[in-house]
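Trainee: Next come a sequence and a model predicted from it.
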Amino acid sequence: MQSSHAAAAVSSAFDDPNLIAYGGLEPVVRLAERCGLPTLAGEHIRLPASKDGTGAFPAAKVMSLVGGMAAGADSIEDMDRLRHGAMGRLFSGARAPSTLGSFLRSFTHGHVKQLHAVARRFLPELARHTPLLPGADQAAYVDIDDTIRRTYGYAKQGAGYGYSKVKGLNALLVKVSADVDTLTLTVGSDWRTGATYPKQAAGDGDPLEGTEAINGSQTDACMDVYWPYRQM
């Protein structure tokens, strides 16, 4: 026996009120709270007041976004996974995808800088609580690289066409690793505005007098590791 018709569409739903699909999210949220992420977001993110409350409760919205991304969300619609099953009993303050989308769309370049301020203060606390880069107290590799993050729409502040011929935001990422074959941690980033770099003045790219190349194995010639990363 076989079916005489193919299914037009197949869908599934996880709506049991007593089950949670992302049990590992609870310790992640607790770690973020212990490192002060909600407090930092509330102190440093300031969006203009609006009738629809877009800029209200930034700490709850940032935590919702972090939780959603930790659960695998890669779009605004995916943020709805924070509200299925018994998630409402385990977590409070999760915001709807539409609310989070409005929150992110209200960001200007200045608000992105506010998020940078949060990240700069959060990372040392995270390093104190978790062994992010074992061995970084002995040696660390720092990589500064350029990347493009694609954007959509016509009103994205700072977006432009760069070397990749893709419209997006051009960012510099600072990455640290304790070994070339292990975890790489992004410890800083900065967005630049405009589609072109300013013209370099004569001599700006020349090395300073007295500088010399050194090998990473020359530990006596390397600078000390910044103190928060000694706690990893």
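Mentor: Arrived safely.
Trainee: What is the burial count for residue 155?
Mentor: 7 (other CB atoms under 10 Å). Where you see a C-beta, it was placed from the backbone N, CA and C, and this is true even at glycine.
Trainee: Next: residue 176.
Mentor: Using other CB under 10 Å, residue 176 has 22 neighbouring residues.
Trainee: tell me the SS of it?
Mentor: When classified by DSSP: H, G, I helix; E, B strand; the rest coil, residue 176 comes out as strand.
Trainee: distance between the ends of stretch 84-92?
Mentor: End-to-end distance for stretch 84-92: 13 Å, by CA to CA, to the nearest Å.
Trainee: What mean pLDDT does it get?
Mentor: Across stretch 84-92, pLDDT averages out at 86.
Trainee: mind checking how far that stretch is from the chain centre?
Mentor: On the basis of CA atoms, centre = their mean, to the nearest Å, stretch 84-92 sits 24 Å off its chain's mean C-alpha point.
Trainee: Could you shift the numbering so residue one becomes 18, and keep it that way?
Mentor: Understood, numbering begins at 18; the last thing we discussed is stretch 101-109.
Trainee: residues in contact with it?
Mentor: Stretch 101-109 has contacts (CB atoms under 8 Å, 6 or more residues apart in numbering) with 31-39, 42-43, 46, 84, 99, 111.
Trainee: my read: residue 57 touches residue 137, true?
Mentor: No - with contact defined as CB atoms under 8 Å, residue 57 does not reach residue 137; the gap is 9.4 Å.
Trainee: So the two - more neighbours on which side?
Mentor: residue 57 (21 against 13).
Trainee: Name the nearest residue to that one, sequence neighbours excluded.
Mentor: Among residues not flanking residue 57 along the chain, residue 135 sits closest, at 4.6 Å (CB to CB, 6 or more residues apart in numbering).
Trainee: and the one you found, what helix or strand is that in?
Mentor: Applying DSSP states H and E as the criterion places residue 135 in helix 126-146.
Trainee: Sort out which residues of that helix are buried, please.
Mentor: By 16 or more other CB atoms under 10 Å, the buried positions in helix 126-146 come out as 128-129, 131-132, 135-136, 138-144.
Trainee: other SSEs contacting it?
Mentor: Helix 126-146 is packed against helix 42-51, helix 54-61, strand 201-208, with contacts defined by 3 or more CB pairs under 8 Å, 6 or more residues apart in numbering; DSSP states H and E.
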